[in-house]
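Participant: Requesting a structural model of the entry that follows:
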Amino acid sequence: MSDAQIHSSLDPQTCEQARLSRDARFDGLFFVAVTSTGIYCRPVCPARASKRENVRYYASAAAAETAGFRPCLRCRPELAPGNLVWQRGDHVVARALKLIEAGVLDEGSLDDLARQVDVGSRQLRRLFVDRLGAPPINVHTTRRLLFAKQLLTETSMPVTEVAMASGFRSLRRFNAAFAQANRIAPRELRRHPRTPPGDTLVLRLGYRPPYDFDALLTFLRGRSLPGIEHVDEHSYARVFGPADAPGWLRLSAWPNAEHALKLELHCPQPAQMLPVVTRIRRMFDLDADPQAIAGALRTHPVLRPLLRKRPGLRLPGGWGGFEIAVRAVLGQQVSVAAARTLASRIVQRHGLVVPNPPRPGLERLFPSPETLADADLREIGVTTARSETIRGIARALLDGRVDFRNDQPLDTFVARWVALPGIGEWTAHYVAMRALSHPDAFPAADLILRRAAADDGSILSTKALDHMAEAWRPWRAYAVMHLWRSTADVPPAPRPKRHKEVRA
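Facilitator: As a prediction, this is how the structure comes out:
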């Protein structure tokens with residue numbers, strides 16, 4: 001793979017400047033391979049810069065490994081944030097990458113993956129090689145091996161459990177694949193484990209700066225559900241299922257202002273560890289590229305000062321799709337506080353109690369679609385119409401009319417959801433924004449958005465806001481967060497009595 005094959009937004013000169021300056025904004029957007037050592041690094045690697053004639057640039061870690069380079073033990077490519085540029089949009093490669101991330105290749109084949117994105121396996125392989133420099137199987141394998149390398153380096157997990165956690169069914173295959181990619185056996189990384197043996201792991205989750213963790217915590221704290229999650233000024237904590245073997249996690253800032261979050265994780269089932277970490281990265285938007293987002297939004301006069309004020313604002317995702325959908329319905333035309341109160345009542349009445357809570361205050365799981373499909377929520381204050389809507393969502397999920405697959409196009413997702421009784425465009429886009437973390441979801445009917453975008457005290461029509469937001473694609477969801485946040489930074493203006501806030 002030549003320099004010319006790097007993604008078009010990152011030309012070789014830009015990569016060279018980022019490498020020499022160790023610019024953290026480019027971390028994970030490309031990788032630096034050195035022919036004289038056979039090693040590939042992150043652009044922030046602290047090692048002495050190699051000569052330009054010995055350097056090759058690759059668009060992905062998988063491409064560098066496919067070309068025969070091994071990951072650096074100093075800068076640790078496994079800590080680089082992901083590159084969501086490949087997953088943006090609805091083209092075949094983007095959809096296939098999302099499916100790989102969801103685990104389609106854990107048990108399925110390349111043919112299975114190709115069928116799900118409606119192309120032949122040979123064409124899918126060619127598209128991956130053209131765009132990422134590596135075929136789908138290599139992308140999948142590199143993802144698992146880099147996660148294994150992090151577990152081996154930062155924890156004291158037994159190698160057998162590391163193999164399971166990184167998706168390998170066979171220890172022999174894991175040892176062989178790891179040795180081939182890293183030129184050392186897995187046990188050679190276990191000489192100095194970073195954390196003592198125990199049930200709780202500590203992992204570093206990197207991101208590209210700037211990153212406004214405090215703003216994310218503020219958003220989630222106002223919506224937190226007692227018993228399921230706990231959010232304070234410094235961290236987010238949550239319990240997750242199954243109830244008979246619950247796990248828990250706590251996320252906080254990594255010390256010394258490093259560009260990473262600290263994940264404390266107790267996960268009794270090793271095979272679920274990579275999916276849990278993947279979900280956390282999505283929920284906290286750790287793979288976003290602030291430069292690309294700002295480049296698309298800063299041209300608008302309303303958004304420009306908001307981006308300057310909060311350049312690291314990210315998209316807050318949700319832990320579970322059904323949970324977000326229920327909360328979105330509860331939040332229709334009421335305040336955030338009122339929606340949270342109703343959601344908390346549902347958790348207390350219908351949530352699954354964890355027999356042996358892993359942490360104090362974390363003792364319930366959000367009710368499943370099976371539980372709420374026939375539940376009468378009117379007795380806890382939910383209106384008849386919304387109670388019926390929530391039951392309708394639960395039944396639609398159970399019979400497959402809707403789902404939370406993040407590889408589906410936004411328009412398809414919205415169309416399926418608005419076909420359900422009680423679900424409009426606002427709710428469908430809100431669910432897409434928080435459950436799928438879709439960067440272009442845009443609940444244009446939101447009253448606060450329409451007021452904040454006007455910037456003169458008036459209220460734009462939904463049609464006018466939709467038209468204005470065309471220039472913000474494919475990052476409209478980030479515009480939503482900036483506009484919502486702008487209303488929290490100033491005293492609230494009086495609103496006409498005929499209007500009700502529409503925000504969950």
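Participant: Poorly predicted segments of the chain, please.
Facilitator: For the chain, the stretches flagged by pLDDT under 70 are 1-9, 89-90, 191-198, 490-504.
Participant: quick one: the strands in it?
Facilitator: 31-34, 39-41, 55-58, 70-71, 201-206, 229-231, 235-240, 247-253, 260-266, 352-353, 364-365 (DSSP state E).
Participant: okay, those strands in a markdown table with distance to Ala373 and mean neighbour count next?
Facilitator: For glycine as for every other residue, the C-beta is placed from the backbone atoms N, C-alpha and C. Listed next are the strands of the chain as a markdown table, based on distance: least, CB to CB, whole Å; neighbours: other CB atoms under 10 Å:
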| stretch | distance to Ala373 | mean neighbour count |
| --- | --- | --- |
| strand 31-34 | 47 | 25 |
| strand 39-41 | 50 | 24 |
| strand 55-58 | 48 | 22 |
| strand 70-71 | 47 | 22 |
| strand 201-206 | 35 | 20 |
| strand 229-231 | 24 | 21 |
| strand 235-240 | 21 | 21 |
| strand 247-253 | 26 | 20 |
| strand 260-266 | 31 | 19 |
| strand 352-353 | 15 | 14 |
| strand 364-365 | 16 | 22 |
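Participant: Among the ones you listed, which comes closest to Arg450?
Facilitator: Comparing those against Arg450 with CB to CB, the closest turns out to be strand 229-231 (28.4 Å).
Participant: partner strands of the closest one, parallel or antiparallel?
Facilitator: Each strand that strand 229-231 pairs with, and the sense of that pairing, follows from DSSP bridges: strand 235-240 (antiparallel).
Participant: and the strand it pairs with with strand 260-266, angle?
Facilitator: Interaxial angle, strand 235-240 versus strand 260-266 (axes from the mean of the first three to the mean of the last three CA atoms, to 10 degrees): 30 degrees.
Participant: Could you export the strands of the chain as JSON lines, including distance to Thr299?
Facilitator: Conversion of those to JSON lines gives the following (distance: least, CB to CB, whole Å):
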{"stretch": "strand 31-34", "distance to Thr299": "30"}
{"stretch": "strand 39-41", "distance to Thr299": "34"}
{"stretch": "strand 55-58", "distance to Thr299": "29"}
{"stretch": "strand 70-71", "distance to Thr299": "38"}
{"stretch": "strand 201-206", "distance to Thr299": "29"}
{"stretch": "strand 229-231", "distance to Thr299": "34"}
{"stretch": "strand 235-240", "distance to Thr299": "33"}
{"stretch": "strand 247-253", "distance to Thr299": "31"}
{"stretch": "strand 260-266", "distance to Thr299": "31"}
{"stretch": "strand 352-353", "distance to Thr299": "48"}
{"stretch": "strand 364-365", "distance to Thr299": "44"}
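Participant: what's the first-to-last distance across stretch 126-139?
Facilitator: Using CA to CA, to the nearest Å, the span of stretch 126-139 from its first residue to its last is 13 Å.
Participant: With stretch 23-39 instead?
Facilitator: Counting by CA to CA, the length from the leading to the trailing residue of stretch 23-39 is 19 Å.
Participant: chain center to it, what's the gap?
Facilitator: On the basis of CA atoms, centre = their mean, to the nearest Å, the separation between the geometric centre of stretch 23-39 and that of its chain is 23 Å.
Participant: now stretch 452-468
Facilitator: Between the mean C-alpha position of stretch 452-468 and that of its chain there is a distance of 29 Å (CA atoms, centre = their mean).
Participant: same check, this time on stretch 269-284
Facilitator: Relative to where its chain is centred, stretch 269-284 has its mean C-alpha point 10 Å off (CA atoms, centre = their mean).
Participant: Then stretch 277-294?
Facilitator: 5 Å.
Participant: Report the residue ranges of every domain in the chain.
Facilitator: According to the domain assignment given by automatic domain parsing, the chain is divided into the following structural domains: 3-82, 86-189, 201-289, 290-315+439-504.
Participant: Helices along the stretch 151-300 of the chain, start to end?
Facilitator: Listed in chain order, the helices found in the stretch 151-300 of the chain under DSSP state H, counting those that start in this stretch are 159-165, 171-182, 213-221, 273-283, 290-297.
Participant: likewise the stretch 401-504 of the chain?
Facilitator: Across the stretch 401-504 of the chain, reading from the start of the chain, the helices by DSSP H, counting those that start in this stretch fall at 410-418, 425-435, 447-454, 462-469, 476-488.
Participant: Which one, of those, ends up nearest to Leu372?
Facilitator: Put simply, out of the helices of the stretch 401-504 of the chain the one that sits nearest Leu372 is helix 425-435, at 15.5 Å, with distance taken as CB to CB.
Participant: In terms of secondary structure, what does that closest one contact?
Facilitator: With contacts defined as 3 or more CB pairs under 8 Å, 6 or more residues apart in numbering; DSSP states H and E, helix 425-435 has these neighbours: helix 321-330, helix 410-418.
Participant: Please state the offset of that helix from the chain centre?
Facilitator: Using CA atoms, centre = their mean, the mean C-alpha position of helix 425-435 is found 15 Å from that of the whole chain.
Participant: ditto for stretch 61-78
Facilitator: Using CA atoms, centre = their mean, the distance between the centre of stretch 61-78 and that of its chain works out at 23 Å.
Participant: what's near enough to touch Phe366?
Facilitator: Taking CB atoms under 8 Å, 6 or more residues apart in numbering as the definition of contact, the neighbours of Phe366 are 225, 228, 320, 322-323, 326, 347, 351.
Participant: correct me, but Gly68 touches Thr37?
Facilitator: No. Assessed by CB atoms under 8 Å, Gly68 is found out of contact with Thr37, at 11.9 Å.
Participant: if you count what's nearby, which of these two comes out ahead?
Facilitator: Higher neighbour count among Gly68 and Thr37: Thr37, with 14 against 11, using other CB atoms under 10 Å.
Participant: Spit out the contact partners of the closest residue to the more buried one other than its chain neighbours.
Facilitator: When the adjacent residues along the chain are set aside, Thr37 lies closest to Ser50, with 7.6 Å between them (CB to CB, 6 or more residues apart in numbering). When contacts are counted by CB under 8 Å, 6+ apart, Ser50 is found next to 32, 34, 36-37.
Participant: okay, those in JSON lines with distance to Leu203 next?
Facilitator: Below are the contacts of Ser50 laid out as JSON lines (distance: CB to CB, whole Å):
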{"residue": "Val32", "distance to Leu203": "24"}
{"residue": "Val34", "distance to Leu203": "27"}
{"residue": "Ser36", "distance to Leu203": "32"}
{"residue": "Thr37", "distance to Leu203": "27"}
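Participant: can you tell me which two in the residues you listed are farthest apart?
Facilitator: Val32 and Ser36 (12.4 Å).
Participant: Surely Arg281 is in contact with Leu274?
Facilitator: No. If you go by CB under 8 Å, Arg281 and Leu274 don't touch, sitting 10.5 Å apart.
Participant: ok, and the most crowded of the contacts of Phe366?
Facilitator: Neighbour tally across these (other CB under 10 Å): the maximum, 28 neighbours, falls on Val326.
Participant: how about the closest residue to that residue other than its chain neighbours, what does it touch?
Facilitator: With sequence-adjacent residues excluded and distances taken as CB to CB, 6+ apart, Val326 is closest to Ile390, at 5.5 Å. Taking CB under 8 Å, 6+ apart as the definition of contact, the neighbours of Ile390 are 326, 329-330, 372, 375, 377, 382.
Participant: Thank you kindly, that will do.
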